[in-house]
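Colleague: Here's a sequence, model it:
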Amino acid sequence: MMIDSVASSIESGVNAMTPDELDRFVVTHTSEISKATPALFIYVPRRERHFGSGVLLQVEDTRFLLTAAHVADDCFDRYKRIFFGTPTFDDLLPLAWVRYCGSKIQSDPNRDDDPVDMAVLELTRDVAEKLSTFMRFLTLDDLQLDPDKLKDGVFLVEGYPDFRAETDEMDETIVAQNMPYITGLYDIEQFPAPNFRPPEHIALEVVPPYESGGFSCGLDLDKCKGISGGGIWRMLDVGQPIQSLNWRQVKLVAIVTDRSDPDSIGPLQYLRGTKIKHAIRMIYHGWPHLRPRIVSAIPARFVADDNNNK
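Modeller: Alright, predicted model coming up:
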């Protein structure tokens, strides 16, 4: 699907708004999605920084953090400590988990050759309860796994890129701000991507930065480190005006795992996500007591490992 069809869908509502009105509209209608998208911070001796994003999911009474495996890898470094972002500067909420399941490291320790790059961490009850006081855990009903629904639409990316994080060394605080980015599917047939596999991935169009009417548009992928582990969401059907957006109908479809290299690709760039079916497979196999709930909520064909699920 070409970006023009998505642009027309969005522009039908955007043209009636000033940039400030559009920004307020998007933030208001994505706030509940942001509540399911935690920022992750890393601490090593004498240095701390924001380093990644995640998505919260609950299946029955078990609560999970979904993120990219290359983000979760840092959790196993004994010299590093990982924390969730919290509303106040006085709180430190460590990422503590009961069980981990993730894609296997291939030959490349940086996971450049890992096509799945997905991780699921079952959070401890204490951490999950504290998170639930200011965050929201998705349920299986908030997911979209139907491959037919991933062939078109208007999509939202939610995560915490480094360029929106600010560090105050004097107060020893870091503030990370999420970035809602609305776009459409990348035209993978016309512009092939080297690390894209249709059964596993979804790729979204990214417009490089430009100015329009004094308003900054587009996204600089060189500054998007930290967005990995955030969510890709299907917002609207093509042709629907943005004013019809209802956050209750927005569905999580993928976890951000990679981005194109702006230096090696033309004016069309992309963010890649691993389809959420991979996280469901991991939970199905790693947490057998949750299988009945998954089977009752999700048709098996949506998570089948076959070439028809594109």
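
Colleague: so how far is D148 from the residue lying closest to K149 once chain neighbours are set aside?
Modeller: Counting by Cβ to Cβ, 6 or more residues apart in numbering, R234 is the residue found nearest to K149 once chain neighbours are left out, at 6.3 Å. All C-beta spots, glycine's among them, are computed from the backbone N, C-alpha and C. Distance from R234 to D148, counting by Cβ to Cβ, to the nearest Å: 11 Å.

Colleague: And those two? Which one has more around it.
Modeller: Shown here are R234 and D148; by other Cβ atoms under 10 Å, R234 has more neighbours (21 against 8).

Colleague: quick one, phi psi at that one?
Modeller: Main-chain dihedrals, R234, degrees, to the nearest 10: phi -90, psi 120.

Colleague: who does it bridge with?
Modeller: Beta bridges link R234 to F155, K251 when assigned by DSSP bridges.

Colleague: and the residue nearest to K149, what does it touch?
Modeller: Q144, K149, L150, G153, V154, F155, L156, V250, K251, V253 (Cβ atoms under 8 Å, 6 or more residues apart in numbering).

Colleague: would CSV of these with neighbour count be doable?
Modeller: CSV is the format used below for those (neighbours: other Cβ atoms under 10 Å):
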residue, neighbour count
Q144, 19
K149, 14
L150, 21
G153, 21
V154, 24
F155, 25
L156, 24
V250, 23
K251, 19
V253, 24
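
Colleague: Can you show me the helices along the stretch 1-150 of the chain?
Modeller: For the stretch 1-150 of the chain, the helices defined by DSSP state H, counting those that start in this stretch occupy 3-14, 19-34, 69-72, 125-131.

Colleague: Confidence-wise, which of these is weakest overall?
Modeller: Least confident of the helices of the stretch 1-150 of the chain, judged by mean pLDDT, is helix 3-14 with a mean of 47.

Colleague: For stretch 177-184, give the mean pLDDT please.
Modeller: Stretch 177-184 shows a mean pLDDT of 85.

Colleague: gap between the two ends of that stretch?
Modeller: 23 Å (Cα to Cα, to the nearest Å).

Colleague: and it, how far out from the chain's middle?
Modeller: 10 Å (Cα atoms, centre = their mean, to the nearest Å).

Colleague: Okay, buried residues for that stretch please.
Modeller: Residues of stretch 177-184 classed as buried: N178, M179, P180, Y181, I182, T183, G184 (neighbour count, 16 or more other Cβ atoms under 10 Å).

Colleague: Now render these as a markdown table, adding secondary structure.
Modeller: Output for those, formatted as a markdown table (DSSP: H, G, I helix; E, B strand; the rest coil):
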| residue | secondary structure |
| --- | --- |
| N178 | coil |
| M179 | coil |
| P180 | coil |
| Y181 | strand |
| I182 | strand |
| T183 | strand |
| G184 | coil |
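
Colleague: Isn't Y270 up against V206?
Modeller: Yes. Contact criterion Cβ atoms under 8 Å: Y270 and V206 qualify, at 5.8 Å.
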